[in-house]
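Engineer: Need a 3D model of the following:
(2 chains)
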Amino acid sequence: NAGVMQNPRHLVRRRGQEARLRCSPMKGHSHVYWYRQLPEEGLKFMVYLQKENIIDESGMPKERFSAEFPKEGPSILRIQQVVRGDSAAYFCASSPGTGFHEQYFGPGTRLTVT
Amino acid sequence: GNSVTQMEGPVTLSEEAFLTINCTYTATGYPSLFWYVQYPGEGLQLLLKATKADDKGSNKGFEATYRKETTSFHLEKGSVQVSDSAVYFCALIDAGNMLTFGGGTRLMVKP
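Structural biologist: Numbers count the residues shown, from 1 in each chain, chains lettered A, B, ... in the order given. As a prediction, the model looks like this:
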């Protein structure tokens, strides 16, 4: 049973470019969460999605960041006009549904902005 | 709001030493508590969990007990190995479905 998949594993972007990070949840999981880990820090919640719905985006920066989880295909975290401060590891997690508190994490995408 | 505080690292131990990593939390409701481990260059793996007061989570020789009276969930292992070297994160989840993490504690075990 494949785990949570994320790609790319490493992404380098110049300032001002767009970054697209993809996450495929575990089979049978309909809930996706995105977290950001800045260097030498813990993980911070960004957004929680179900299929075609954003449930909680209280951790998302107000500008340049967006997320979606379409009916078909992976969840996408999109960062427009990246800046150096966006350099971080972005982790996706999934769970089967509400009441299942265990979240299973992907390997992360390490974004470097030059 | 919710918060998790864990001891700062790095924690450096010799092989077979006893490990304790302290974790305390603040939560508005009745959270579930977790320890995650992150090996270099990898994502987080769930190490153990406890869902209610006095529950003890255990896995791979690691243990932690949910102490509501002291709002703590300290991680312990009786005899660490070099392969336990990693970063350990204490976390909680409340009604909101998102995990709140501590800052992480790096453990280095020397042979």
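Engineer: quick one: contacts for the residue minimising distance to the centre of chain A?
Structural biologist: Nearest residue to the geometric centre of chain A (CA atoms, centre = their mean): A:Trp34, 3.7 Å. Going by CB atoms under 8 Å, 6 or more residues apart in numbering or on different chains, A:Trp34 touches A:Cys23, A:Phe45, A:Met46, A:Val47, A:Leu49, A:Ala67, A:Ser75, A:Leu77, A:Tyr90, A:Phe91, A:Cys92, A:Ala93. Every residue, glycine included, has its C-beta placed from N, CA and C.
Engineer: hmm, 7 Å instead?
Structural biologist: Residues near A:Trp34 by CB atoms under 7 Å, 6 or more residues apart in numbering or on different chains: A:Met46, A:Val47, A:Ala67, A:Leu77, A:Tyr90, A:Cys92.
Engineer: Ok, B:Gln6 next?
Structural biologist: B:Ile21, B:Asn22, B:Cys23, B:Cys90, B:Gly102, B:Gly103, B:Thr105.
Engineer: hmm, back to that, want to throw the contacts of A:Trp34 into a markdown table with distance to B:Lys68 and neighbour count?
Structural biologist: Shown next, in a markdown table, are the contacts of A:Trp34 (distance: CB to CB, whole Å; neighbours: other CB atoms under 10 Å in any protein chain shown):
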| residue | distance to B:Lys68 | neighbour count |
| --- | --- | --- |
| A:Met46 | 29 | 22 |
| A:Val47 | 30 | 24 |
| A:Ala67 | 35 | 22 |
| A:Leu77 | 36 | 26 |
| A:Tyr90 | 34 | 23 |
| A:Cys92 | 31 | 29 |
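Engineer: which one of the residues you listed is nearest A:Glu102?
Structural biologist: A:Cys92 (14.7 Å; CB to CB).
Engineer: that's a helix at that closest one, yeah?
Structural biologist: No. Counting by DSSP: H, G, I helix; E, B strand; the rest coil, one finds A:Cys92 to be strand, located in no helix.
Engineer: Quick check: which element contains the closest residue in space to it that isn't next to it in sequence?
Structural biologist: The spatial neighbour of A:Cys92 that comes closest, neighbours along the chain excluded (CB to CB, 6 or more residues apart in numbering or on different chains), is A:Cys23 at 3.4 Å. A:Cys23 is part of strand A:19-24, with elements assigned from DSSP states H and E.
Engineer: what separates the helix or strand following that strand from the chain centre, distance-wise?
Structural biologist: Per DSSP H and E, the first helix or strand lying C-terminal to strand A:19-24 is strand A:31-37. Relative to the centre of its chain, strand A:31-37 is centred 5 Å away, using CA atoms, centre = their mean, to the nearest Å.
Engineer: Tell me the helices and strands packed up against the helix or strand following strand A:31-37.
Structural biologist: Sequence-wise, the next helix or strand downstream of strand A:31-37 (DSSP H and E) is strand A:43-50. Contacts defined by 3 or more CB pairs under 7 Å, 6 or more residues apart in numbering or on different chains; DSSP states H and E place strand A:43-50 against strand A:31-37, strand A:53-56.
Engineer: Enumerate the residues of chain B near chain A.
Structural biologist: Contact residues, chain B versus chain A (CB under 7 Å from any CB of the partner chain): B:32, B:42-44, B:46, B:49, B:89, B:93, B:96-99, B:101-104.
Engineer: If you go by neighbour count, which of the residues you listed are buried?
Structural biologist: Buried subset of the residues of chain B next to chain A (neighbour count, 16 or more other CB atoms under 10 Å in any protein chain shown): B:32, B:43-44, B:46, B:49, B:89, B:93, B:96-99, B:101-104.
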